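Asker: Need the 3D shape of this:
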Amino acid sequence: MINSRISQWLDSGEYLTEIDNVLTNIVRKSELANSEAETASIFEREIFFLLRKRLDFEINISRETTINGIVHSFSTDERSGRIDAIINSLLIEYKHHTALSSSTDIQSAFTQVEEYLKAYSLCHGEKHDAILTDGIKIAYFSFVGDEVRHTSLKIMEASDIDTLIKAILNNRTKKFEPTNIVKDFAISSQSDSISKKTANTLFHLLISDLTDKSEMLYSEWKTLMHLSVDDNGRSQDIEKRRNDLSGIFSTTIDSPETEYKALFALQTTYAIIVKLIACKVVDRLNFNVDTNGYHDLISLTSQKITPILTKTRRWILIFQQWDKELFRGRFLFMVC
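Answerer: Numbering: from 1, shown residues only. Coordinates of the predicted model:
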């Protein structure tokens, strides 16, 4: 994740000059390249040298990675292929500029990258993005649902170098896509997500170390949800719910009190996730250069926060309403 020092560099005028120079060098040298391998070397060397010089940043790159499960016409092995490079969650396919000289060549290259992305997703359970480039032109590939979509092949600009550098620096990010969200945030007896661990931590705190404030918010939540510890219903739905909760929290849940605390922990966990997503969305509106990432939040003062809140009031109201519609209560502040 990009830290504040890197953020300052990315926002500087010097950075804009540097990526413009990188673009010029890549295009000029790629026009004279004799092979695809030389094109790849030029592309990576120029970008990586800038990152090492400015940030002492070493790139974690996987080259010629085999991807199984592909059926296409351009590989001698009908069930596999080799993607030229993988950096973090970005797949890169290089071509010599002569290999993208006709519409047939371009379409064939597009199909190749699409098949790589689909096969990689099936093998690893994650949907990533990709680029196709000859050092002069570039195209972007991304999943929309289960289908891969791509831009047209266009002349590379400085903004493309900026996009690639930020993709490289964001080495712990993942594509914000429904499948990834479910995989990372799902809570069930079989899952091992951070969400489940968070819910379990909250549940055990509610059971063994309930503070006065938490007790107040928990009682308020029960009132808002019209719940009562005297409810000893034995319907099949209640039994099934308690069995499911017992699996999630690895304990026997057989009373209204423990059941409600388990539900409270679950809903609070998801409320925290919603808040973090909302925070990141507001952050990306980029109203204030002092809030480029979560790491900056701890340094914010009331003077800095006021203009942000003023400019983002409409978004804050939307997220507050979202909370009410999803969770019907203020229990989401339990951990504050």
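Asker: Quick check: phi and psi on residue 104?
Answerer: Backbone torsions of residue 104, given as degrees, to the nearest 10, read phi -70, psi -40.
Asker: Now do the same contact list for it.
Answerer: Not one residue lies near residue 104 by Cβ atoms under 8 Å, 6 or more residues apart in numbering. The C-beta positions use only the backbone N, C-alpha and C, and glycine is treated the same way.
Asker: Against residue 154, how distant is it?
Answerer: 18 Å (Cβ to Cβ, to the nearest Å).
Asker: Could you do residue 5 as well?
Answerer: Taking Cβ to Cβ, one finds residue 5 at 32 Å from residue 154.
Asker: Could you do residue 96 as well?
Answerer: Looking at residue 96 against residue 154, where the rule is Cβ to Cβ, the gap reads 18 Å.
Asker: Tell me the secondary structure at residue 132.
Answerer: strand (DSSP: H, G, I helix; E, B strand; the rest coil).
Asker: Which residues are in contact with it?
Answerer: So residue 132 contacts 93, 95, 109, 110, 113, 138, 139, 141, 150, 153 (Cβ under 8 Å, 6+ apart).
Asker: make it 7 Å
Answerer: Counting by Cβ atoms under 7 Å, 6 or more residues apart in numbering, residue 132 makes contact with 93, 95, 109, 113, 139.
Asker: So which of these belong to strands?
Answerer: Counting by DSSP state E, those place 93, 139 in strands.
Asker: Compare residue 96 and residue 154 (neighbour count), which wins?
Answerer: In terms of neighbours (other Cβ atoms under 10 Å), residue 96 is the more surrounded of residue 96 and residue 154; the figures are 18 against 11.
Asker: doesn't residue 41 make contact with that one?
Answerer: No: using Cβ atoms under 7 Å, residue 96 makes no contact with residue 41, being 11.9 Å away.
Asker: Which residue ranges of the stretch 51-200 of the chain form strands?
Answerer: Taking DSSP state E, counting those that start in this stretch as the criterion, the stretch 51-200 of the chain carries its strands at 61-68, 80-87, 90-94, 129-133, 137-144, 147-150, 154-155.
Asker: CSV for those, including distance to residue 241?
Answerer: Output for the strands of the stretch 51-200 of the chain, formatted as CSV (distance: least, Cβ to Cβ, whole Å):
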stretch, distance to residue 241
strand 61-68, 41
strand 80-87, 43
strand 90-94, 42
strand 129-133, 39
strand 137-144, 34
strand 147-150, 36
strand 154-155, 53
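Asker: Go through these and name the closest to residue 190.
Answerer: Checking the strands of the stretch 51-200 of the chain against residue 190 by Cβ to Cβ gives strand 137-144 as the closest, at 24.7 Å.
Asker: Of all the residues in that closest one, which ones are buried?
Answerer: 137, 138, 139, 140, 141, 142, 143 (16 or more other Cβ atoms under 10 Å).
Asker: send the alpha carbons of that strand over as PDB?
Answerer: Below are the C-alpha coordinates for strand 137-144, written out as PDB (Å, rounded to 0.1, in the frame of the first residue of the first chain):
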ATOM      1  CA  LYS A 137       0.900   1.300 -27.800                       C
ATOM      2  CA  ILE A 138      -1.000  -0.200 -24.800                       C
ATOM      3  CA  ALA A 139      -4.400  -1.800 -24.100                       C
ATOM      4  CA  TYR A 140      -6.000  -2.600 -20.700                       C
ATOM      5  CA  PHE A 141      -7.900  -5.700 -19.800                       C
ATOM      6  CA  SER A 142     -10.300  -6.200 -16.900                       C
ATOM      7  CA  PHE A 143     -13.100  -8.500 -15.700                       C
ATOM      8  CA  VAL A 144     -16.600  -7.200 -15.800                       C
END
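Asker: Let me know the angle separating it from strand 90-94.
Answerer: 140 degrees (axes from the mean of the first three to the mean of the last three Cα atoms, to 10 degrees).
Asker: same for strand 137-144, what does it pack against?
Answerer: helix 103-124, strand 129-133, strand 147-150, strand 154-155 (3 or more Cβ pairs under 7 Å, 6 or more residues apart in numbering; DSSP states H and E).
Asker: Now for the buried residues of strand 137-144: which two are most distant?
Answerer: Every pair of these checked by Cβ to Cβ; the farthest is 137 and 143, at 22.1 Å.
Asker: Residue 251 falls within a helix, correct?
Answerer: No: assessed with three-state DSSP, residue 251 is coil; it does not lie in a helix.
Asker: Please identify the one among the contacts of residue 132 that lies nearest to residue 255.
Answerer: residue 113 (55.6 Å).
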